[in-house]
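Asker: prediction below, plus the sequence it came from.
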Amino acid sequence: MQDNRYDVIVVGAGFAGLACAYELATQGLRVCVIDRKQDLGERMHTTGILVQEACDAPLLAGLPPSLLRAVPHVRLYAPNLRSVRLGAEGYRFYTTDTPALMRWLGERVEACGVELRRGQAFRNAVRTQTGWAADGVGHTRILVGADGARSRVAQRLGLGQVTQFLYGVEYEFDGMALREPDALHCFISKRFAPGYLGWVAQTPTGVQAGLARRHRPGKAIAPDMAGFLHHVASMTGLPTARAPDSIRAGLIPCGGPVRPAQRDDVVLTGDAAGMVSPLTAGGIHAGLRHGAGVGRMLARRLLHDATPAPAWPSAVPGFGFKRLLRWAFDHGQFDLPVDLLLTARPVRRAVEQLCFHQRGDTAPDAADRH
């Protein structure tokens, strides 16, 4: 007879959910992770671009080098396509073979003892005297919702829900090469990316190009990827007639942490908890940190019968300053000031500090494009 009683059931096998499950399993707890996808690498909703700090996450220890490509610079473009090259000594971003990365992470948590059920969606859960009974899964002492921006766990069980979104689309071009492969190319443009930006980067398998814009309920407008790629072709070297080999798209939280994110032995993490930078929409690093923090907190509670405490690790910020910048970007984005000021040294320095987490070494760039 199958034993379907667990210490923790985690809904969602993304970065945050797997980080949480990894921490719990390494403490000897019985953990089940369910995900609606049969293949963790299919229908991805993430760019897979890592900041350097994310690579220090315990879950990523031993990551095969073939899945990563170091990108030491950012080239930031104004709407008129004039650009500045930014960097920080010793700091790198990393692009990834994202589908292969997610498959590897799934195998990693399974090797630690996590039961990973692919192809199983969360339907509902009922409160019991000792935890939760999840339909079709089993009984758990604690339920963790790591099931993305449209979290069904949050919807079904009355937790806070994400209400502010960007909508992003990303194309993958296998085997392609950029003219400047050592930079993450970021494009500011109210025309193509109102409320956010476009990006192009070299990956271990080719090139990825993405575009995101503010999502307005009832006024959804798909990003104009064809127009964007034609607009930036002279900067990237990508042929405009080349069809993408794969496409991914989805909603990206941009409103900061949700409230409440936990109650009655159910906890949200990752995108479900709004753990995404409101300004940059970067969620992998925050998701890894928050998922691991929730996992450690739950392990202490389950193993030592600790008094229940808020499942909101203090190491993860509330994004107060970035939420303010997000508001300013939404209400005061104009192309002309960016065209005029982007190359000014004080502006370059401020942007560099923001991109590289208070690091930066702005220097004259002979390759600045006009």
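Answerer: Right, received. Where do you want to start? Residues are numbered from 1 along each chain as shown.
Asker: only C-alpha atoms from now on, for both contacts and neighbour counts.
Answerer: OK.
Asker: mind listing residues that contact stretch 268-284?
Answerer: Contact with stretch 268-284 is made by 15-17, 48-50, 54, 144-151, 154, 160-162, 196, 252-258, 261-262, 286-288, 290-291, 294, 319, 322-323, 325-326, as judged by CA atoms under 8 Å, 6 or more residues apart in numbering.
Asker: mind running it again at 7 Å?
Answerer: With contact meaning CA atoms under 7 Å, 6 or more residues apart in numbering, stretch 268-284 is reached by 15-16, 50, 144-151, 162, 252-258, 261-262, 286-287, 290-291, 319, 322-323, 325-326.
Asker: any figure for the gap between the residue lying closest to residue 137 once chain neighbours are set aside and residue 55?
Answerer: Leaving out its chain neighbours, the residue that sits closest to residue 137 by CA to CA, 6 or more residues apart in numbering is residue 4, at 6.9 Å. The gap separating residue 4 from residue 55 is 34 Å, by CA to CA, to the nearest Å.
Asker: for the stretch 101-250 of the chain, which segments count as strands?
Answerer: 115-118, 125-128, 131-134, 138-145, 165-174, 183-187, 198-202, 206-215, 246-253 (DSSP state E, counting those that start in this stretch).
Asker: next, the buried residues of the fifth one.
Answerer: Taking 16 or more other CA atoms under 10 Å as the neighbour-count basis, strand 165-174 is seen to contain the buried residues 165, 166, 167, 168, 169, 170, 171, 172, 173.
Asker: surely the fourth one and residue 215 touch.
Answerer: Think residue 168. No - Residue 168 lies out of contact with residue 215 (CA atoms under 7 Å); the separation is 9.1 Å.
Asker: I'd guessed residue 265 sits against residue 140; true?
Answerer: No - between residue 265 and residue 140 there is no contact, the gap being 9.4 Å when judged by CA under 7 Å.
Asker: stretch 179-194 spans what distance, first to last residue?
Answerer: Stretch 179-194: ends 26 Å apart by CA to CA.
Asker: now that stretch: mean pLDDT?
Answerer: Stretch 179-194 carries an average pLDDT of 91.
Asker: can you mark which positions in that stretch are buried?
Answerer: Within stretch 179-194, the residues that qualify as buried are 181-189, 191-194, counting by 16+ other CA under 10 Å.
Asker: could you export those as a markdown table, including distance to residue 352?
Answerer: Converted to a markdown table, those look like this (distance: CA to CA, whole Å):
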| residue | distance to residue 352 |
| --- | --- |
| 181 | 19 |
| 182 | 16 |
| 183 | 13 |
| 184 | 13 |
| 185 | 14 |
| 186 | 13 |
| 187 | 15 |
| 188 | 15 |
| 189 | 19 |
| 191 | 24 |
| 192 | 23 |
| 193 | 21 |
| 194 | 21 |
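Asker: where is the longest helix in the protein?
Answerer: As assigned by DSSP state H, the longest helix anywhere in the chain is helix 284-304.
Asker: re earlier: now the contacts of stretch 268-284: which count as buried?
Answerer: By neighbour count, with 16+ other CA under 10 Å, the contacts of stretch 268-284 hold 15-16, 50, 144-151, 162, 252-258, 261-262, 286-287, 290-291, 319, 322-323, 326 as buried.
Asker: burial measure for residue 42, as a count.
Answerer: Per other CA atoms under 10 Å, the neighbour tally for residue 42 reads 14.
Asker: in this structure, what residue spans correspond to helices?
Answerer: Under DSSP H, the chain gives helices at 15-26, 98-111, 152-157, 225-236, 284-304, 320-331, 335-341, 345-355.
Asker: can you flag the weakest of those helices by average pLDDT?
Answerer: helix 320-331 (a mean of 62).
Asker: isn't residue 49 up against residue 92?
Answerer: No - assessed by CA under 7 Å, residue 49 is found out of contact with residue 92, at 10.8 Å.
Asker: nothing else from me, thank you.
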